[in-house]
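# Fold the following and give me the result.
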Amino acid sequence: MSDEDRNQRDAQLRDAVFTRLLEEARSSAGDAIAGIEDRARVWFTESERAFQEQLAGVRHDAMEAVRADRAAFNAAVAEIDRQRTQAGVLSAMMDAAAHFAPRVAFFVVRSGTVVGWKARGFQNGLSDETVGQLATPIAGQTLVGEALAAKSAITSGGNTGPDELSFLGEYAHPQAKRVVAVPLVIRDRAAAVLYADSGAGEELDLQPLEALLRVTGMAIELLPIRRRNEHPGAPGLQPPRFQASPLQAVVGAEASGVPEEVPALPREELESPARSNRREHLDAIRYARFLIADIKLYEPAKVADGCRRADLYDRLKDEIERSRTLYQKHVSPLITAQVDYFYAELVNTLAEGDSSKLGRNSPWSSV
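Numbers count the residues shown, from 1 in each chain. The predicted structure is shown next:
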């Protein structure tokens with residue numbers, strides 16, 4: 001065999017060996033890569049499963065917290081509803097407010113001054129016994145003064161100035177990181193204000209406190225109606241004067257017989273009722289306002305969608321009809337025959353003043 005043939009054979013042999021080694025390497029690498037892919041797939045699957053389980057746990061805890069808060073709010077409303085005195089209503093409100101905020105204090109308006117009435121949750125000495133010593137002019141630049149003037153909630157963060165909390169006097173410290181003041185509005189008057197803060201925590205949910213004060217205001221407005229319904233033989237509709245109530249000044253305006261203006265109504269013009277049944281008209285207005293506000297409070301999403309799509313009645317038919325039945329049951333037929341206050345409040349409060357937003361299927365569509 002010549003040298004050339006021998007060299008050619010050796011080259012072919014080297015090529016064959018190299019090709020085989022390369023194929024073996026590729027096969028081994030493929031197996032290794034496949035193994036890595038399999039292990040990664042298992043790891044990711046297990047991680048995803050663990051993540052989903054953890055997420056489900058968080059969702060469950062969140063839902064349980066929401067249910068607990070909703071149950072607590074419903075229990076608070078029921079307790080307020082059971083009261084038949086202003087002092088009872090306000091005490092029930094304070095007990096409920098203490099569930100939704102670590103520290104709360106209630107101040108009433110008296111002759112241009114806010115005076116402390118009750119306090120819950122403070123560890124710095126502020127209590128039912130000491131809060132009565134606090135009195136601040138409403139005109140001052142305080143958090144509660146601003147809320148009373150605006151008739152709406154005022155919130156502030158950790159940079160609240162000393163003047164804003166001066167109504168707390170020596171009990172303003174330690175200062176919380178989140179503070180709110182929510183007014184109690186009765187017959188369109190800011191009669192009192194609830195102060196609440198986050199205590200040693202970071203967060204404070206304003207929504208349940210606002211809802212609680214709205215319910216409280218409506219409950220106090222409805223006390224005369226309930227007295228009439230529960231004691232139909234009692235003369236007149238004047239509310240009793242409760243000596244323990246901190247809102248006597250507000251009650252006094254009604255008890256004195258000073259006439260109140262009946263609000264204007266859409267599509268109907270109310271002739272001035274005789275003085276003998278003027279109070280019944282006002283009570284009917286307040287009851288309608290309470291029923292419609294209750295719908296708006298518990299079904300905000302449906303109300304918003306119904307206004308946007310002009311089909312409020314279709315979306316809230318059950319709630320509206322249930323409230324209308326209650327209205328017709330508790331309001332004198334002599335009143336309902338004259339003016340439909342329920343419809344007026346339905347348009348003003350739910351339909352944003354536009355009756356067309358009730359929809360074509362509304363029983364008032366031809367009104």
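
# Helices along the stretch 251-367 of the chain, start to end?
According to DSSP state H, counting those that start in this stretch, the stretch 251-367 of the chain carries its helices in the segments 278-298, 300-309, 312-315, 317-330, 333-336, 341-345.

# Buried deepest among those, which one?
helix 341-345 (a mean of 24; mean count of other Cβ atoms under 10 Å). Any C-beta I mention is one placed from the backbone N, CA and C, and that applies to glycine too.

# where in the stretch 201-350 of the chain is pLDDT low?
227-277 (pLDDT under 70).

# follow-up on the earlier one: is it possible to get JSON lines of the helices of the stretch 251-367 of the chain that adds distance to residue 365?
Conversion of the helices of the stretch 251-367 of the chain to JSON lines gives the following (distance: least, Cβ to Cβ, whole Å):
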{"stretch": "helix 278-298", "distance to residue 365": "18"}
{"stretch": "helix 300-309", "distance to residue 365": "14"}
{"stretch": "helix 312-315", "distance to residue 365": "8"}
{"stretch": "helix 317-330", "distance to residue 365": "13"}
{"stretch": "helix 333-336", "distance to residue 365": "19"}
{"stretch": "helix 341-345", "distance to residue 365": "11"}
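
# Compare those helices and report which one is nearest to residue 168.
helix 278-298 (29.8 Å; Cβ to Cβ).

# before we move on, the earlier item: and the helices of the stretch 251-367 of the chain: which comes nearest residue 116?
helix 278-298 (28.2 Å).

# I'd like to know which of the helices of the stretch 251-367 of the chain is closest to residue 170.
The nearest among the helices of the stretch 251-367 of the chain, by Cβ to Cβ, is helix 278-298 at 37.2 Å.

# Now do the strands in the chain.
103-110, 113-120, 135-137, 154-156, 179-186, 189-197 (DSSP state E).

# With only the CA atoms kept, save the second one in PDB.
Taking C-alpha atoms only, strand 113-120 is exported to PDB below (Å, rounded to 0.1, in the frame of the first residue of the first chain):
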ATOM      1  CA  THR A 113     -68.700  75.600  69.100                       C
ATOM      2  CA  VAL A 114     -67.900  71.900  68.700                       C
ATOM      3  CA  VAL A 115     -68.000  70.100  72.000                       C
ATOM      4  CA  GLY A 116     -66.800  66.600  72.700                       C
ATOM      5  CA  TRP A 117     -69.400  63.900  73.500                       C
ATOM      6  CA  LYS A 118     -67.900  60.400  73.300                       C
ATOM      7  CA  ALA A 119     -64.600  58.800  72.500                       C
ATOM      8  CA  ARG A 120     -63.400  55.300  71.800                       C
END
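
# Pairing partners for that strand, with directions?
Paired strands of strand 113-120, with direction, are strand 103-110 (antiparallel), strand 135-137 (antiparallel) (DSSP bridges).

# what's the least confident stretch among these?
Looking over the strands paired with strand 113-120, mean pLDDT reaches its minimum on strand 135-137, with a mean of 90.

# And that one, what's buried?
residue 136 (16 or more other Cβ atoms under 10 Å).

# and if you look at stretch 104-120?
104-110, 114-120.

# before we move on, the earlier item: what's the closest of the strands paired with strand 113-120 to residue 291?
strand 103-110 (26.4 Å).

# and residue 172, what does it touch?
162, 165-166 (Cβ atoms under 8 Å, 6 or more residues apart in numbering).

# what do you get for residue 152?
Counting by Cβ under 8 Å, 6+ apart, residue 152 touches residue 183.

# Now it. Its backbone dihedrals?
In terms of degrees, to the nearest 10, the main-chain angles of residue 152 are phi -150, psi 160.

# Just the pLDDT at it, thanks.
Confidence at residue 152, expressed as pLDDT, is 93.

# what's the answer for residue 158, then?
We note a pLDDT of 62 for residue 158 in this prediction.

# count of residues packed around residue 195?
Here the number of neighbours of residue 195 (other Cβ atoms under 10 Å) works out to 25.

# If it is in a bridge, with which residues?
With DSSP bridges as the rule, residue 195 is bridged to residue 105, residue 181.
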